[in-house]
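Colleague: Attaching a predicted model along with its sequence, questions to come.
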Amino acid sequence: MSSSATFLRKGLSVLLLTTVSLLVISDVTIMVVKAQTTDIETLRNRVIDAVKGLNEGALRGFFADTADNISYQSKAFLHLSEQVGVDGFSDPKLAQYYALYCIYHATNGVANDITDADVRFENIVMPEWLIATNWMDETTVDPCGTTTITPTNGTTVTSVATTLSATISAGWFGVTCDVEGRVVALDLFENFLTGIWPEEILLLASDGAFSSGAGNLERLDLYQNEFLSNGGDSTWMSDLGLNMSEY
């Protein structure tokens with residue numbers, strides 16, 4: 001697969017406070033995230049364990065030459081730390097949020113070799129995803145959504161005669177999960193992804209060295225994202241798990 005990303009359809013100094021993270025770049029302090037964790041380093045170590053050390057150096061490090069040089073892994077971790085109740089997340093759920101945020105921050109409004117060579121991208125702000133519902137600003141929405149079962153007719157959950165009503169809350173755009181809350185499909189086709197596709201997708205594989213329990217991936221659809229690059233390396237595609245379909 002070429003770096004022009006003809007993806008096939010395959011199925012900084014940082015001061016971290018208790019509730020607020022501050023990013024210091026060139027003596028300018030910018031508030032970047034309201035952390036919900038009570039211990040940022042404990043959370044970071046938990047994430048590193050949950051993702052089996054994948055790209056650990058980038059996750060631990062902050063590159064503070066400019067704001068653009070902060071690794072997408074660091075951005076993903078800080079984004080994860082914003083989630084309400086994050087300290088109570090299971091390891092697979094930490095890995096799931098982290099993997100998805102890595103995808104978002106690696107491919108949303110990020111330049112690459114393709115855009116650098118295209119005059120249409122000169123002197124403009126890099127375009128972002130066309131649709132990113134619940135990926136960016138929500139701090140209480142699970143990627144898989146939630147289903148709340150409520151007994152009706154004044155009965156109890158254990159009663160044979162109980163009538164149940166289900167309230168389903170949508171998750172994140174393009175994310176489909178199974179009943180166990182594992183990601184089974186990512187449908188991000190024709191969504192103006194840019195940047196370089198990240199190998200953290202491996203955290204959503206059903207099996208393999210970096211399978212984390214966060215996913216049971218069967219389909220990854222990146223079709224018609226013509227400005228998305230593979231960075232010259234698509235070896236990760238062979239490690240997406242045995243459940244991946246090809247079509």
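Modeller: Right, received. Where do you want to start?
Colleague: okay, CA-based contacts and neighbour counts for the rest of this
Modeller: Will do.
Colleague: so Leu204 sits right up against Ser211, yeah?
Modeller: Yes. The criterion here is Cα atoms under 8 Å, and Leu204 meets it with Ser211 at 6.2 Å.
Colleague: for the chain, which helix is longest?
Modeller: Counting by DSSP state H, the longest helix found in the chain is helix 91-107.
Colleague: Next up, the contacts around the residue most central in space within the chain.
Modeller: The chain has Leu100 as the residue nearest its centroid, 1.3 Å off, counting by Cα atoms, centre = their mean. Going by Cα atoms under 8 Å, 6 or more residues apart in numbering, Leu100 touches Ile201.
Colleague: can you pull the pLDDT of it?
Modeller: Looking at Leu100, its pLDDT is 98.
Colleague: how close does it get to Asp91?
Modeller: Noted for Leu100: a distance of 14 Å to Asp91, by Cα to Cα, to the nearest Å.
Colleague: where does Arg120 land in three-state SS?
Modeller: With DSSP: H, G, I helix; E, B strand; the rest coil as the basis, Arg120 sits in helix.
Colleague: same thing with Arg219?
Modeller: Under three-state DSSP, Arg219 comes out as strand.
Colleague: Going by residue numbers, what spans are helices in the protein?
Modeller: Under DSSP H, the chain gives helices at 40-50, 56-60, 72-81, 91-107, 113-116.
Colleague: The third one packs against which elements?
Modeller: Secondary structure elements in contact with helix 72-81, counted by 3 or more Cα pairs under 8 Å, 6 or more residues apart in numbering; DSSP states H and E, are helix 40-50, helix 56-60, helix 91-107.
Colleague: And the first one, by the same measure?
Modeller: Using 3+ Cα pairs under 8 Å, 6+ apart, the elements in contact with helix 40-50 are helix 56-60, helix 72-81, helix 91-107.
Colleague: Between helix 72-81 and the longest one, find me the angle.
Modeller: This points to helix 91-107. Between helix 91-107 and helix 72-81, the angle comes out at 130 degrees (axes from the mean of the first three to the mean of the last three Cα atoms, to 10 degrees).
Colleague: hey, C-alpha coordinates of helix 91-107 in CSV?
Modeller: What follows is helix 91-107, C-alpha atoms only, in CSV (Å, rounded to 0.1, in the frame of the first residue of the first chain):
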residue,chain,number,x,y,z
ASP,A,91,-7.9,-1.7,31.8
PRO,A,92,-9.7,-2.7,28.5
LYS,A,93,-11.8,0.4,28.7
LEU,A,94,-8.7,2.6,29.3
ALA,A,95,-7.1,0.9,26.3
GLN,A,96,-10.2,1.5,24.2
TYR,A,97,-10.5,5.2,24.9
TYR,A,98,-6.7,5.6,24.4
ALA,A,99,-6.7,3.8,21.1
LEU,A,100,-9.6,5.8,19.7
TYR,A,101,-8.2,9.1,20.9
CYS,A,102,-4.9,8.2,19.3
ILE,A,103,-6.7,7.7,16.0
TYR,A,104,-8.5,11.0,16.4
HIS,A,105,-5.4,13.1,17.3
ALA,A,106,-3.2,11.4,14.7
THR,A,107,-5.7,12.0,11.8
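Colleague: Good, wrapping up.
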